[in-house]
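Participant: here's my sequence, what's the structure:
(one chain, ligands or ions: 2)
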Amino acid sequence: MEKIKIILDCDPGHDDAVAITLAGKNPAIELLGITIVSGNQTLDKTVRNALNITQHLGIDVPVYGGCCEPMVRKKIVARDIHGESGLDGPVFPPLERKAEPEHAVNYIIRTLMESDGDITVVTTGPMTNLAMALRMEPKIAEKIKQIVLMGGSYGNGNVTPAAEFNIVADAEAAYVCFTAGVPMTMVGLDVTRRALCYPKIVERMAKINNRASKLFVDLMAHFCKTQKETFGWEGGPLHDPITIAYLIDPSVLKVKPMNVRIDIRSSDSYGRTNCDIFDYLGLPHTADVAMDIDVERFWDIIEENLRLYD
Ligand code: BDR
Ligand code: CA
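Facilitator: Ligands and ions are numbered 1, 2, ... in the order given. Down below sits the predicted model:
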């Protein structure tokens with residue numbers, strides 16, 4: 001079976017950490033590089049978190065630091081959910097790994113331009129790095145096999161009533177990516193809020209009792225607590241790893257092609273992903289939007305993947 005080549009662009013982040021765990025060992029995936037953006041916390045912290053996760057799990061994949069500021073708007077972070085470090089909870093051994101000297105945006109451009117057009121770019125943070133890459137070298141648009149992003153929502157947001165964090169944190173970047181003419185799959189809150197990590201799921205993963213499952217348990221202890229404080233849910237929605245689970249097994253999601261437009265003009269709805277589910281506007285379909293998720297299959301994939309570690 002030919003592996004799916006991916007670049008994972010992320011802002012770890014508890015759920016990003018699980019996405020890295022999934023992509024780092026699954027036999028269906030070839031993780032070429034991990035590129036980091038400011039998002040859940042500032043760039044220095046999200047880079048450090050990615051290095052800690054990969055060092056701890058023995059994931060031998062280069063990590064590249066990227067953009068520390070959004071393209072236009074003022075920077076926001078998600079301290080309420082992910083804490084002061086961006087990954088509060090787990091305690092890691094001393095960090096020896098270092099980020100690569102090359103900037104993430106240059107890495108993305110170089111890797112795509114040297115490729116045969118067979119690389120999928122997965123984004124689980126604000127889309128700043130990819131948007132900057134598209135602006136610096138527009139020819140990469142023809143080289144990207146597809147973009148699979150965690151972000152947006154056809155329903156409510158989670159930062160404002162209209163907008164989801166990854167989009168609102170850099171809506172101009174999302175606008176650039178959504179108008180680049182690249183095939184896209186949007187995994188939004190509509191499905192990720194159905195993958196709630198209830199205590200019984202944490203107990204199930206704890207039974208695996210290896211390095212990856214212990215990390216998962218430590219991550220979820222903090223993440224589920226802050227999700228409960230902020231949104232009142234008993235289980236935290238495990239947003240980001242659904243992108244990778246979908247690549248491993250596309251039956252995890254039901255998607256529908258439609259026109260999606262990023263609102264960068266309004267004040268109340270800045271960062272909203274306007275999804276034309278019913279084709280009111282008769283505009284070209286620009287993204288496959290996740291409409292439904294097989295939650296049981298998703299947790300099975302998480303368990304199967306945690307078991308791949310020692
Ligand atoms: C997204 O925002 C971040 O806090 C999470 O890591 C996820 O990527 C959910 O809105
Ligand atoms: Ca994220």
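Participant: which residues touch the residue of the stretch 201-310 of the chain found nearest ligand 1?
Facilitator: Residue nearest to ligand 1 within the stretch 201-310 of the chain (Cβ to the nearest ligand atom): residue 239, separated by 4.3 Å. Where C-beta positions appear, they are placed from N, C-alpha and C, glycine not excepted. By Cβ atoms under 8 Å, 6 or more residues apart in numbering, the contact set of residue 239 is 15, 124, 150, 187, 189, 192, 195.
Participant: any idea which of the residues you listed is closest to residue 69?
Facilitator: residue 124 (18.8 Å; Cβ to Cβ).
Participant: can you list phi and psi of the closest one for me?
Facilitator: Main-chain dihedrals, residue 124, degrees, to the nearest 10: phi -130, psi 20.
Participant: mind checking how far the residue nearest to it when sequence neighbours are not counted is from residue 155?
Facilitator: Spatial nearest neighbour of residue 124, chain neighbours left out: residue 240 (3.8 Å); criterion: Cβ to Cβ, 6 or more residues apart in numbering. Residue 240 is 19 Å from residue 155, where distance means Cβ to Cβ, to the nearest Å.
Participant: more neighbours, those two?
Facilitator: The neighbour comparison of residue 240 against residue 155 (other Cβ atoms under 10 Å) goes to residue 240, with 31 against 13.
Participant: now the phi/psi pair for that one, please.
Facilitator: The phi/psi pair for residue 240 (degrees, to the nearest 10) reads phi -60, psi -40.
Participant: do a quick rundown of the strands in the stretch 201-310 of the chain.
Facilitator: Along the stretch 201-310 of the chain, counting by DSSP state E, counting those that start in this stretch, strands occupy 236-237, 253-258, 260-262, 273-275, 287-293.
Participant: weakest of these by average pLDDT?
Facilitator: The minimum mean pLDDT among the strands of the stretch 201-310 of the chain belongs to strand 236-237 (a mean of 95).
Participant: what lines up beside it in the sheet?
Facilitator: Sheet pairing for strand 236-237, assigned by DSSP bridges, gives strand 196-197 (antiparallel).
Participant: which residues are contacting the partner strand?
Facilitator: Taking Cβ under 8 Å, 6+ apart as the rule, strand 196-197 contacts 220, 223, 224, 233, 234, 235, 236, 237, 238.
Participant: hang on, the first one packs against residue 236?
Facilitator: Spelled out, that is residue 220. Yes - contact criterion Cβ atoms under 8 Å: residue 220 and residue 236 qualify, at 6.6 Å.
Participant: what do the two both touch?
Facilitator: 14, 197.
Participant: contact partners for the closest residue to ligand 1 within the stretch 151-300 of the chain?
Facilitator: Going by Cβ to the nearest ligand atom, ligand 1 is nearest to residue 165 of the stretch 151-300 of the chain, at 3.6 Å. If you count contacts by Cβ under 8 Å, 6+ apart, residue 165 has them with 39, 78, 151, 158, 159.
Participant: out of those, who's near ligand 1?
Facilitator: The subset of the contacts of residue 165 within reach of ligand 1, by Cβ under 6 Å from any ligand atom, is 78, 158.
Participant: still on that earlier bit, just the contacts of residue 239: which are in helices?
Facilitator: 15, 189, 192 (DSSP state H).
Participant: and ligand 1, which of the residues you listed contact it?
Facilitator: Within these, those near ligand 1 by Cβ under 6 Å from any ligand atom are residue 15.
Participant: so which of the ones in helices among the contacts of residue 239 is the closest to ligand 2?
Facilitator: residue 15 (5.9 Å; Cβ to the ion).
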